[in-house]
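Engineer: give me a model of this one.
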Amino acid sequence: MTIDAHVHIWEQWPYQPPVPDPGTRARAEQLLFEMDLHGVERAVVICARIGDNARNVDYAFETAARHPGRFHVFPDLECRWAPEFRTPGAVQRLEQALARWDFTGFTHYLDASEDGSWLTGPEGLPFMELAAERSLLLSLSALPHQIGAVRALAIRLPSLQILLHHLAHLGDRHADGTDPGTPVISLASCPNIHLKYSGMGNITLPPHEFPYPDAQPQWAPVLATFGADRIVWGSDYPVSRRHMTYGQTLSMLTRHAPFPAGAHRAMLHDNMERLLSGTSAPLPKFDTGRPR
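Structural biologist: Numbering: from 1, shown residues only. A predicted model of the protein is given here:
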């Protein structure tokens, strides 16, 4: 009953260096093979129209239709590579996407050059308010310097469930000279923020490699603060193939994370199932920093 909370599928491999099989390496059939081999029932497709994949959202929905019950497609909306990035009309574009596709969540990638204030600004906030009204999940890629903006959004819209990619990018790849652990831990006070236990190869730099023993001490306090009920496992396939096998992405949680075996089911299935079904437990009150 495992759910993979973070995968990609592309018609063309989008990364450098070149690979010998760019037309097949990132296709859904490869992913389904790995899922079946490792007992993964479903996966959440995090769309990303990068490289030669301008029709990635359409490809993902076409794939989901061919394989009923296997995929939940999260289209990428208002993302940094989109031609309409940060132009007026975000709410209208969300309405158009809702009319075109049937989805329970969406993906948003902030650009590294911005501070994240768009999320609660005059364009971003109405967009996010509509997402919350429609009970959509927000799968968000945010870097350490954007954590404050993420927290502001979570406080402003406590009904909006936010899933942060790759442990909120807690790793030395995006380190800015400050300790990112404390800001990420501060997000735990917002009960509508959840972490994806994924992308370790994306957030660390060499010589870190599977199972990332030198990075584990940095992640441990964050994992302990959020707890097993607010963490979901994701493979980050096929990007993760550059760092580890699909099976190893699973063992990062089941063998190398500081959680007892009894907590694995929550992170491998129950938490994501609850979020996808919209039956999240009632949110406890938390300090908004504003007078009540």
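
Engineer: now do the contacts for the nearest residue to Ala82 once chain neighbours are set aside.
Structural biologist: If the residues on either side of it in the chain are set aside, Ala82 comes closest to Arg49, at 6.9 Å by CB to CB, 6 or more residues apart in numbering. C-beta coordinates here come from the backbone N, C-alpha and C atoms, glycine included. Contact partners of Arg49, counting by CB atoms under 8 Å, 6 or more residues apart in numbering, are Arg55, Asn56, Val57, Asp76, Cys79, Trp81, Ala82.

Engineer: one more pass at 7 Å, please.
Structural biologist: Arg49 makes contacts with Asn56, Val57, Asp76, Trp81, Ala82, as judged by CB atoms under 7 Å, 6 or more residues apart in numbering.

Engineer: most widely separated two among the residues you listed?
Structural biologist: Within the contacts of Arg49, Val57 and Trp81 form the most distant pair, 12.2 Å apart (CB to CB).

Engineer: the two: which has the busier surroundings?
Structural biologist: Neighbours were counted for Val57 and for Trp81 using other CB atoms under 10 Å; Val57 has more, 24 against 14.

Engineer: where does the stretch 151-292 of the chain have low pLDDT?
Structural biologist: Where the stretch 151-292 of the chain drops to pLDDT under 70, the residues are 279-292.

Engineer: what are the ranges of the strands in it?
Structural biologist: Applying DSSP state E, counting those that start in this stretch to the stretch 151-292 of the chain gives strands spanning 162-164, 193-197, 231-233.

Engineer: quick one: which of the contacts of Arg49 sit in helices?
Structural biologist: Mapping those onto helices (DSSP state H) picks out Asn56, Val57.

Engineer: would you reformat the contacts of Arg49 as JSON lines and include pLDDT and distance to Gly69?
Structural biologist: Output for the contacts of Arg49, formatted as JSON lines (pLDDT from 0 to 100; distance: CB to CB, whole Å):
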{"residue": "Asn56", "pLDDT": "98", "distance to Gly69": "21"}
{"residue": "Val57", "pLDDT": "98", "distance to Gly69": "19"}
{"residue": "Asp76", "pLDDT": "98", "distance to Gly69": "23"}
{"residue": "Trp81", "pLDDT": "93", "distance to Gly69": "30"}
{"residue": "Ala82", "pLDDT": "92", "distance to Gly69": "29"}
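
Engineer: hang on, Asp111 packs against Arg80?
Structural biologist: Yes - using CB atoms under 7 Å, Asp111 is in contact with Arg80, at 4.0 Å.

Engineer: quick check: mean pLDDT across stretch 119-129?
Structural biologist: Summarised as a single mean, pLDDT over stretch 119-129 is 98.

Engineer: for stretch 18-30, same thing?
Structural biologist: Averaging pLDDT along stretch 18-30 yields 97.

Engineer: which one, of the strands of the stretch 151-292 of the chain, ends up nearest to Asn271?
Structural biologist: Closest of these to Asn271 is strand 231-233, at 5.0 Å (criterion: CB to CB).

Engineer: what does that closest one contact?
Structural biologist: Against strand 231-233 from outside (CB under 7 Å, 6+ apart): 5, 163, 194-198, 223, 253, 267-268, 271-272.

Engineer: any chance of a markdown table for the residues you listed, columns distance to Thr104 and neighbour count?
Structural biologist: Listed next are the contacts of strand 231-233 as a markdown table, based on distance: CB to CB, whole Å; neighbours: other CB atoms under 10 Å:
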| residue | distance to Thr104 | neighbour count |
| --- | --- | --- |
| Ala5 | 12 | 31 |
| Leu163 | 12 | 28 |
| His194 | 14 | 23 |
| Leu195 | 19 | 26 |
| Lys196 | 16 | 25 |
| Tyr197 | 20 | 24 |
| Ser198 | 19 | 30 |
| Leu223 | 26 | 20 |
| Leu253 | 23 | 19 |
| Met267 | 19 | 28 |
| Leu268 | 19 | 23 |
| Asn271 | 15 | 22 |
| Met272 | 11 | 28 |
